[in-house]
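Student: What follows is a predicted protein model with its sequence.
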Amino acid sequence: MSTTDTHLHIDNVSKSFGNVQALKGVNLEIKRGSFVCLLGPSGCGKTTLLRIIAGFENASSGRLMLDGTDISQMPPHKRGFGMVFQSLALFPHMSVAKNIAYGLKLRKVSGAEQRSRVEELLNVIELPGIADRPVSALSGGQRQRVAIARALAIQPPLFLLDEPLSALDAKLRDNMQIELRQLQQKFGVTTILVTHDQHEAMMLADELVVLKDGEVYQSADPATVYQKPANSFVADFLGAANLVPANVSKDGHVMVLGQEIACDTDHPAGTSLSAAMRAEHIGLIPVSKAKGHPVGAVKFLRDLGPSTELVITVDGQDLRVRCDNATVPDLSIGAQIALSLDGTRLSTFKA
Amino acid sequence: MSISLSRPMSLAFSLPAVIAILPFLGACFYIFRFSISAEKGVIDGYSIQAYIDLMTPFFGRSVWLTLKLAFVATIIAMMLAVPLAFLLTSLKSPLARRCLTVTILLPLILNLLVQAYGWILLLGPSGVLNSALKALGIIERPIFLLFNETGVLLGLIQTSLPLAVFPIVSSVRGLSQEHLEAASSLGASHWRTFVDVTVPLLRPGLVGAASIVFAFNASAFAIPLLLGGRRVQMMGVAIRDMISPLFNWSGAAAAGMILITLTLIVLVFSSWLVRVTSEKVRG
Amino acid sequence: MRVGLLPTEGNSTYRFTVLLLATIGILISSLPVIVVTIMSFSASDNTGFPPPDLSLRWYWDVIAMFTQEDANSAQSVVDSTVTSLLVAFIVMIISTIVCIPLAYALARGDRRIRDGMELLFTLPLVFPLVILGIAFLLIAESLRMDIGIWRIVIPHVALVLPFVLRNCIGAMNGISVETEEAAISLGASPLRAIWDVVIPLMRAGILAGLIFALIISFNEFTITFFMYTIDVSTLPIWMYSRTVSSLDPSTLALSVFIIVADVVLIVLVDKLIAGRANLF
């Protein structure tokens, strides 16, 4: 096996429904044992891509290579990928144990082995002793775990999840994210999860794939996607960024909000760019100490506990700023304040 | 939609049911073919003589009577069905709801003979109604309610009522509670809410239910046969008489075609009406 | 609280009118059945109201009818009842077996096919029964073949299809595609997924359809009235030929047995679909 160890190769996959192009030539290499999140707004094609991988939709063109074998034409039930659905789709007429054992029963695993495997999985998801309960008697979080156990019971080569946590309330969702990540590590299964929640994607992914309008906008590890968004859409979609016009003033320097900042750009001088600044990367300094820094007026101010959210208007443009409470100077609405911008934290794109 | 059956699979799944309904389609076609047969007793040649022979005052009266009774029965059934649907959807106790459901549904399903017996016992000369009126001193001699239009009308209303109530119930269930609350919060009385909000919102369901009830009543056979006797010659009974004593098969087929056409016109017209009005409701 | 439809308080004329009309509706629906039941307990030979005395004699008569074969009568009530039950049973099985795959195809297949099929399978509901009876009679006569009870079974199947199909479609509507896909993702072939997941989840609707088919076929009069022969006749036809000249109280007692059976079966259907689906 090669050192890159590609498990699933999505090779130039396109899909159209009538006149609508849902996917436009998607190329992805998914590493063995990695956790991949497909992230994007609704209608971006992320669910379609997952369903093509599962085999529930056929790609209009392109191939899926699993360990070097073309599986594009293989029917879904032969692929044996465990899948967790948005609605969970537990079988309501079966007990928890029967749900988990269903895939094993189809594989003609002996009854005794089915039972021991179910017990083992129930221990893994920390729900021992619920085997004989009907699924209707379970809480939301319990159902979630049973659905995951059911998919993992068949020891799938790929583990697919379609927005599995979207039905849970915020607090439970947070806990389930951590559990899901731990389970995935424990099983070492290559996992692909679809979500529209950037926080969830950041929590879970080794590799984050941002999709929009059927195209991959960026595919990288979460930190890179966050720190170095490939374009303004990604910057904005992952934790609202402030997008402001910028101009390359000389090599390696841009003018932003009237301030010249050193910045990693290889565009020639005079190029119009747009710059993305995360709210938490903008610092506040008193106007008196800020020569050459952009100055604005506080428009909105709210103490959220660990941090303070502000909106500051500079040259008619509203900027979101998030500060540690410790570093916020004493401010009130309408006050003048200067901003400090960090060139290393600035992402620029061709406008 | 994802598990979409391929067209051949879809057809394969439908095939058994299509085979099961084929005799019905064959029967429809057979009747049509017989109605344009040149011979009265067998299918032979083509002629519209059977239709021409129907242009008699007797058959005309039968058509008129059928339309009149079906229309009146439909109007009354609808007037009773709407309140019943309201009652059925507002009952809280499951037991009460179930009792009411059974009470309303039974007449559609129960052996029509049993119901005819019931009406005979109720309306007959020595029946419940006449005995009660006599005991109260209101009448001296029994009034005749059977073997005339009154008896048939009551029977039609009774047997067709469930066909009206249940579609209206599902329309009422689909009615948004907020619309009604909005109307009443704006100060509309119950009557005003009913006229201005409930009826317009229910209109597609009401028209659909009324058209099915009308079609059902216009084609009624057992009820006019058992409760009307020879005197109330609705089309169903008239058609049967063409066969049984007269052996005029092609004439019966032609009369049948006219009856089918009448009911189809009503159904098509009402589905058109539903389409037009529901477009208006959607704005 | 429901506003507008049926106000729960106050003495408004609206509430009064709604309740009055509903009461009239209930009376019209139930009085015939109630009177038949009361009169079946009459001790008198005639059917005048009110019954002078109450007795169970007509019920004993009915039991005697079934246990002591009357050699003089051309049609026996036992034979008719057996035929009725046999027909109803076959109709129930056939109509359900053909409707389950159709309901699946309609729920998962092409939208346009669905509309056309639904219309086709609603037709028997609005088609005049007399004409259907005549048509089937003409066809059966022209076949010149003795097809036994099938001359009644075939028309009955067409008649009950709309009811059975509606119940099966109602059951299908509640089954999400994802549940089926879940089975497939775990390794079930599409047909296996239908067998393991769809059919068990359709169970209530299928049972309701079965019962509907049973009651409708067992109670059917109009088409059978044209199709029956001396050898193949059903209970409603037997009752008709017995009462064509006058009504006798033992038939009322027999009617009560039928009423009770129907009520029990309807309650069962209502329980099965539990207000989730529409009855038709």
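Tutor: Thanks, I have it.
Student: make it CA atoms for all contacts and neighbour counts henceforth
Tutor: Will do.
Student: Per-residue pLDDT of residue C:140, please?
Tutor: pLDDT, residue C:140: 85.
Student: tell me which element it falls in.
Tutor: helix C:129-143 (DSSP states H and E).
Student: which parts of that helix are buried?
Tutor: C:129-140 (16 or more other CA atoms under 10 Å in any protein chain shown).
Student: The residue in the stretch 51-200 of chain B positioned nearest to chain C - how many residues pack around it?
Tutor: Proximity of the stretch 51-200 of chain B to chain C (CA to the nearest CA) peaks at residue B:118, 3.8 Å away. Number of residues near residue B:118 (other CA atoms under 10 Å in any protein chain shown) recorded here: 24.
Student: Next: residue B:8.
Tutor: 9.
Student: again with residue C:116
Tutor: Neighbour tally, residue C:116, other CA under 10 Å: 11.
Student: Do a quick rundown of the helices in the stretch 101-250 of chain B.
Tutor: Using DSSP state H, counting those that start in this stretch, the helices found in the stretch 101-250 of chain B span residues B:112-123, B:128-135, B:149-174, B:177-185, B:190-193, B:199-218, B:222-223, B:235-243, B:249-282.
Student: before we move on, the earlier item: what would the helix holding residue C:140 look like as CSV? C-alpha coordinates only.
Tutor: Output of helix C:129-143 as CSV, limited to C-alpha atoms (Å, rounded to 0.1, in the frame of the first residue of the first chain):
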residue,chain,number,x,y,z
LEU,C,129,-73.0,-0.7,-9.2
VAL,C,130,-76.1,-1.6,-11.2
ILE,C,131,-74.3,-1.1,-14.5
LEU,C,132,-71.3,-3.0,-13.2
GLY,C,133,-73.6,-5.8,-12.1
ILE,C,134,-75.2,-5.9,-15.5
ALA,C,135,-71.9,-5.8,-17.3
PHE,C,136,-70.4,-8.6,-15.3
LEU,C,137,-73.5,-10.6,-15.8
LEU,C,138,-73.3,-10.1,-19.6
ILE,C,139,-69.7,-11.1,-19.6
ALA,C,140,-70.2,-14.1,-17.5
GLU,C,141,-73.1,-15.3,-19.7
SER,C,142,-71.1,-14.8,-22.9
LEU,C,143,-68.2,-16.8,-21.4
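Student: Using PDB, write out the CA atom coordinates for whatever helix or strand comes next after that helix.
Tutor: Per DSSP H and E, helix C:129-143 leads on to helix C:150-173 as the next helix or strand towards the C-terminus. Only the C-alpha atoms of helix C:150-173 are listed here, as PDB (Å, rounded to 0.1, in the frame of the first residue of the first chain):
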ATOM      1  CA  TRP C 150     -65.300 -16.700  -9.200                       C
ATOM      2  CA  ARG C 151     -68.300 -15.100 -10.900                       C
ATOM      3  CA  ILE C 152     -68.800 -13.200  -7.600                       C
ATOM      4  CA  VAL C 153     -65.200 -13.000  -6.500                       C
ATOM      5  CA  ILE C 154     -63.900 -11.200  -9.500                       C
ATOM      6  CA  PRO C 155     -66.400  -8.300  -9.400                       C
ATOM      7  CA  HIS C 156     -66.000  -8.000  -5.600                       C
ATOM      8  CA  VAL C 157     -62.200  -7.700  -6.000                       C
ATOM      9  CA  ALA C 158     -62.700  -4.700  -8.300                       C
ATOM     10  CA  LEU C 159     -65.200  -3.200  -5.800                       C
ATOM     11  CA  VAL C 160     -62.900  -3.500  -2.800                       C
ATOM     12  CA  LEU C 161     -59.700  -2.400  -4.500                       C
ATOM     13  CA  PRO C 162     -60.100   1.300  -3.800                       C
ATOM     14  CA  PHE C 163     -60.600   0.700  -0.100                       C
ATOM     15  CA  VAL C 164     -57.700  -1.700   0.300                       C
ATOM     16  CA  LEU C 165     -55.400   0.500  -1.800                       C
ATOM     17  CA  ARG C 166     -56.200   3.600   0.200                       C
ATOM     18  CA  ASN C 167     -55.300   1.800   3.400                       C
ATOM     19  CA  CYS C 168     -52.100   0.400   2.000                       C
ATOM     20  CA  ILE C 169     -51.100   3.800   0.600                       C
ATOM     21  CA  GLY C 170     -51.900   5.400   3.900                       C
ATOM     22  CA  ALA C 171     -49.600   2.900   5.600                       C
ATOM     23  CA  MET C 172     -46.800   3.500   3.000                       C
ATOM     24  CA  ASN C 173     -47.000   7.300   3.500                       C
END
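Student: can helix C:150-173 be found next to chain A?
Tutor: No. Helix C:150-173 stays clear of chain A (CA under 8 Å from any CA of the partner chain), getting no nearer than 14.0 Å.
Student: quick revisit: tell me which other helices or strands the helix holding residue C:140 touches.
Tutor: helix B:7-35, helix B:235-243, helix C:222-227 (3 or more CA pairs under 8 Å, 6 or more residues apart in numbering or on different chains; DSSP states H and E).
Student: Spatially, and excluding backbone neighbours, which residue is closest to residue C:220.
Tutor: residue B:111 (6.3 Å; CA to CA, 6 or more residues apart in numbering or on different chains).
Student: Distance of the one you found relative to chain A?
Tutor: 37 Å (CA to the nearest CA, to the nearest Å).
Student: Same check on residue B:83?
Tutor: From residue B:83 to chain A the distance is 37 Å (CA to the nearest CA).
Student: for that residue, phi and psi?
Tutor: When read as degrees, to the nearest 10, the backbone of residue B:83 gives phi -60, psi -40.
Student: That one: what's it in contact with?
Tutor: C:18-19, C:21-22 (CA atoms under 8 Å, 6 or more residues apart in numbering or on different chains).
Student: same check, this time on residue B:81
Tutor: B:161-162, B:164-165, B:168, C:22, C:25.
Student: mind redoing it with 10 Å?
Tutor: B:74-75, B:87, B:104, B:160-169, B:206, B:209-210, C:21-22, C:25-26 (CA atoms under 10 Å, 6 or more residues apart in numbering or on different chains).
Student: Quick check: the gap between it and residue B:105.
Tutor: Distance of residue B:81 to residue B:105, computed by CA to CA, to the nearest Å: 12 Å.
Student: what residues do those two have in common as contacts?
Tutor: B:160-163, B:165-166.
Student: Kindly indicate which of the residues you listed lies nearest chain A.
Tutor: residue B:166 (28.9 Å).
Student: Touching, the closest one and residue B:84? I think so.
Tutor: Yes. Under the criterion of CA atoms under 10 Å, residue B:166 makes contact with residue B:84 at 9.4 Å.
Student: and the helix or strand hosting residue C:260, what's its mean pLDDT?
Tutor: Taking DSSP H and E as the definition, residue C:260 sits inside helix C:249-273. If you average the pLDDT over helix C:249-273, you get 87.
Student: same deal with stretch C:53-66?
Tutor: Rounded mean pLDDT across stretch C:53-66 is 82.
Student: Could you do stretch A:255-275 as well?
Tutor: Stretch A:255-275 comes out at a mean pLDDT of 85.
Student: next one: stretch B:248-262
Tutor: In the prediction, stretch B:248-262 has an average pLDDT of 89.
Student: Equivalent analysis for stretch B:8-27, please.
Tutor: Stretch B:8-27 comes out at a mean pLDDT of 89.
Student: Are that stretch and chain A in contact anywhere?
Tutor: No. Taking CA under 10 Å from any CA of the partner chain as the criterion, stretch B:8-27 and chain A are apart, separated by no less than 15.7 Å.
Student: In that stretch, which residues are buried?
Tutor: For stretch B:8-27, by 16+ other CA under 10 Å, it's B:10-11, B:13-18, B:20-21, B:23-25, B:27.
Student: Stretch A:242-256 now?
Tutor: A:242-250, A:252-256.
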